[in-house]
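S.K.: I need the structure of the sequence given here:
(one chain, ligands or ions: 2)
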Amino acid sequence: MEPSNETTVSIAHVFKGTFAHSTQDAALEILENRVLGVDNNGKIAFLESGKDVVSLSEKWGFKASDVRQLEPHEFIMPGLVDTHIHASQYSYSGTALDLPLLQWLNTYTFPVESQYKDLSFAGNVYNKVVKRTLRNGTTTACYFATIHTDASLLLGEIADRLGQRALVGKVCMDCNNSVSHYKETTEESSEETRRFIQELLNKKYPHVRPIVTPRFVLSCSSALLRDLGDIAKNNDLHIQSHISENKEECEVVKQLFPEFKSYTDVYLKHNLLTNKTVMAHGCYLSDAELQVFRETGASIAHCPNSNISICSGLLNVRNVLNHKVKIGLGTDVAGGYSPSILDAIRRTMDTSKTLTIQNPRNQTLTFEEVFRLATLGGSQALSLDAETGNFVVGKDFDALLVNVFAPDGPMDICGLEPPKVLLEKFLNLGDDRNIKEVYVAGKRVVPFADSA
Ligand SMILES: Nc1nc2[nH]cnc2c(=O)[nH]1
Ligand SMILES: [Zn+2]
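M.R.: Numbering: from 1, shown residues only. Ligands and ions are numbered 1, 2, ... in the order given. From the prediction side, this is the model:
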């Protein structure tokens, strides 16, 4: 399309039909008969009434034939945000769910992760996990890789090449009593983290950034935690780790760090809780700890599949929301067996309903609230909501084009359904067959390019 005379920006895509997204005020806003334009920088240029399409075409310089008219059973929603996923554990997802956390790490996780020293092994799995998550609608992923710097850089390169927005973490750990070859010295871990950050930033990938990644308190010495807190602070970087996932883990943290008020206090005192920190799980955080999250702006990645699959616990999301702590959803592959955030949505509802069964005073989350957690909530939890998360003019267009009744898909048409019903059906019954197209920053990334 030609740039219009009135503006230097040109329009790359125009969609007309139904849009569903969340805002701070509304967990679900359905916009029918709207027209949305995406500019050549991948940003949302306008979102207006469908009646204005002629005047918009004159203003922005696109032709009527450029408008993509959605079918009645199609809609566009924001891309899904996975706030916590171990790319390196994808190879054994769907297996090894018979042990609790600490034994699970020693028996399955550390031996597999140690293999990522081999770049061809790493490249093979990392290609597959990025493609699988993109196909399932994950436009933003916050990844743990392994301790290996070059393999972690390769994950960044693959996310960039396939067009996924990603935070990528080289895992840091200088304590490991069970699989002793899978750890670094304190100096190595800090030095390699610096190299990882520098080399990833030097690539100037537009949508892939480094995230400082102490594995968790039990894998890191106090000296390493302090170094990582300093590195994050000096470079204004994101931070991710795990917290209060499992009762045995919480007990061991208490024994090893008796001088700290709580698990949260250990991270706080090592400068690891900031408004760019995301902590996975948090099943056993006290109200006082949630208050610290609120004060620091740190967020929680809720990983319900993992919490149930390795019998860790049930996070009370309602209580987290009542404390005004930022929260998004995570798959936590491979503690969680599914790479899909649609699955995380369903497990979040199941967990919430389980808590209501246990205590009817626990107010069940609504599907609209969980939709927000999976989209805008995730972007807020990763402090990326200035760029993505919903359809606000000026944000990047990260979106899914959903066809609820895709041929050979999992749902049948039984009548004309309103858009809210179509969305609810997709969230509960849909899968990648319904995700016809995926866009990240205005670029169509699914279906994959022939070269992918
Ligand atoms: N679920 C999960 N919890 C952890 N805590 C420390 N490492 C891990 C991990 O790899 N997975
Ligand atoms: Zn995890």
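S.K.: Let me know the distance separating the closest residue to Lys233 other than its chain neighbours from Ala232.
M.R.: Counting by Cβ to Cβ, 6 or more residues apart in numbering, Lys233 lies nearest to Asn271, which is 5.8 Å off, once chain neighbours are set aside. To be clear about C-beta, it is placed using only N, CA and C from the backbone, and glycine gets the same treatment. Distance of Asn271 to Ala232, computed by Cβ to Cβ, to the nearest Å: 7 Å.
S.K.: ok, now Leu314?
M.R.: Relative to Ala232, Leu314 is positioned 30 Å away (Cβ to Cβ).
S.K.: What of Tyr90?
M.R.: From Tyr90 over to Ala232 the distance is 26 Å, taken as Cβ to Cβ.
S.K.: neighbour-wise, which of these two wins?
M.R.: Neighbour comparison, Tyr90 and Ala232: the larger count goes to Ala232, with 24 against 21 (by other Cβ atoms under 10 Å).
S.K.: Contacts only, for that one.
M.R.: Neighbouring residues of Ala232 by Cβ atoms under 8 Å, 6 or more residues apart in numbering: 212, 238-239, 271-272, 274, 276.
S.K.: now with 6 Å?
M.R.: Taking Cβ atoms under 6 Å, 6 or more residues apart in numbering as the criterion, Ala232 is in contact with 212, 239.
S.K.: got a pLDDT number for it?
M.R.: Looking at Ala232, its pLDDT is 98.
S.K.: where are the low-confidence patches of the chain?
M.R.: Along the chain, the model assigns pLDDT under 70 to residues 1-7.
S.K.: mind listing what the residue lying closest to Gly335 once chain neighbours are set aside touches?
M.R.: Closest residue to Gly335 apart from its sequence neighbours, by Cβ to Cβ, 6+ apart: Ser306 at 3.5 Å. The contact partners of Ser306, by Cβ under 6 Å, 6+ apart, come to 332, 335-336.
S.K.: Leaving out the residues flanking it, which one is nearest to Lys131?
M.R.: Counting by Cβ to Cβ, 6+ apart, the nearest residue to Lys131 once its immediate chain neighbours are dropped is Leu162, at 6.4 Å.
S.K.: number of nearby residues for the one you found?
M.R.: Leu162 has 20 nearby residues by other Cβ under 10 Å.
S.K.: could you measure it against Asn127, distance?
M.R.: 8 Å.
S.K.: quick one: the residue in the chain positioned nearest to ligand 1 from Leu101, how far?
M.R.: Closest contact between the chain and ligand 1, by Cβ to the nearest ligand atom, is at Gly335 (3.4 Å). Gly335 sits 8 Å away from Leu101, going by Cβ to Cβ.
S.K.: higher neighbour count, these two?
M.R.: Taking neighbours as other Cβ under 10 Å, Gly335 and Leu101 compare with Gly335 leading, 31 against 23.
S.K.: Surely that one is in contact with Ile308?
M.R.: No - contact criterion Cβ atoms under 6 Å: Gly335 and Ile308 do not qualify, at 9.8 Å.
S.K.: if we can go back for a sec, identify the contacts common to Gly335 and Leu101.
M.R.: Ile310.
S.K.: all helices for the stretch 301-450 of the chain, in order.
M.R.: For the stretch 301-450 of the chain, applying DSSP state H, counting those that start in this stretch gives helices covering 304-309, 317-322, 341-358, 367-372, 378-381, 419-429.
S.K.: same check, this time on the stretch 101-250 of the chain
M.R.: Per DSSP H, counting those that start in this stretch, the stretch 101-250 of the chain carries helices over the ranges 101-104, 110-113, 119-135, 149-162, 186-202, 222-235, 247-256.
S.K.: CSV please, covering these and showing distance to ligand 2.
M.R.: As requested, the helices of the stretch 101-250 of the chain are exported to CSV (distance: least, Cβ to the ion, whole Å):
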stretch, distance to ligand 2
helix 101-104, 10
helix 110-113, 12
helix 119-135, 14
helix 149-162, 15
helix 186-202, 18
helix 222-235, 17
helix 247-256, 12
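S.K.: okay but Asn271 is in contact with Leu228, surely?
M.R.: No - here Asn271 does not reach Leu228: they are 8.6 Å apart, not a contact under Cβ under 6 Å.
S.K.: Between these two, tell me which one has more neighbours.
M.R.: When Asn271 and Leu228 are compared for neighbours, Leu228 comes out ahead with 24 against 17, by other Cβ under 10 Å.
S.K.: Tell me the spacing between the residue nearest to Lys233 and Asp412.
M.R.: Distance, Asn271 to Asp412, using Cβ to Cβ: 54 Å.
S.K.: for stretch 130-144, the distance to its chain's centre please.
M.R.: For stretch 130-144, the separation from the chain centroid amounts to 8 Å (computed by Cα atoms, centre = their mean, to the nearest Å).
S.K.: I'd guessed His242 sits against Phe216; true?
M.R.: Yes - His242 lies in contact with Phe216 (Cβ under 6 Å); the separation is 4.1 Å.
S.K.: Contacts only, for the residue lying closest to Lys128 once chain neighbours are set aside.
M.R.: Closest residue to Lys128 apart from its sequence neighbours, by Cβ to Cβ, 6+ apart: Tyr90 at 6.5 Å. Counting by Cβ under 6 Å, 6+ apart, Tyr90 touches 125, 129, 333.
S.K.: Could you identify which of these has the most neighbours?
M.R.: Neighbour max across those (other Cβ under 10 Å) = Val333, 30 neighbours.
S.K.: my read: that one touches Ile85, true?
M.R.: Yes - with contacts counted by Cβ under 6 Å, Val333 reaches Ile85, the gap being 5.1 Å.
S.K.: how much space is there between the residue nearest the centre of the chain and Ile158?
M.R.: The residue lying closest to the centre of the chain (Cα atoms, centre = their mean) is Asp82, at 1.9 Å. Distance of Asp82 to Ile158, computed by Cβ to Cβ: 15 Å.
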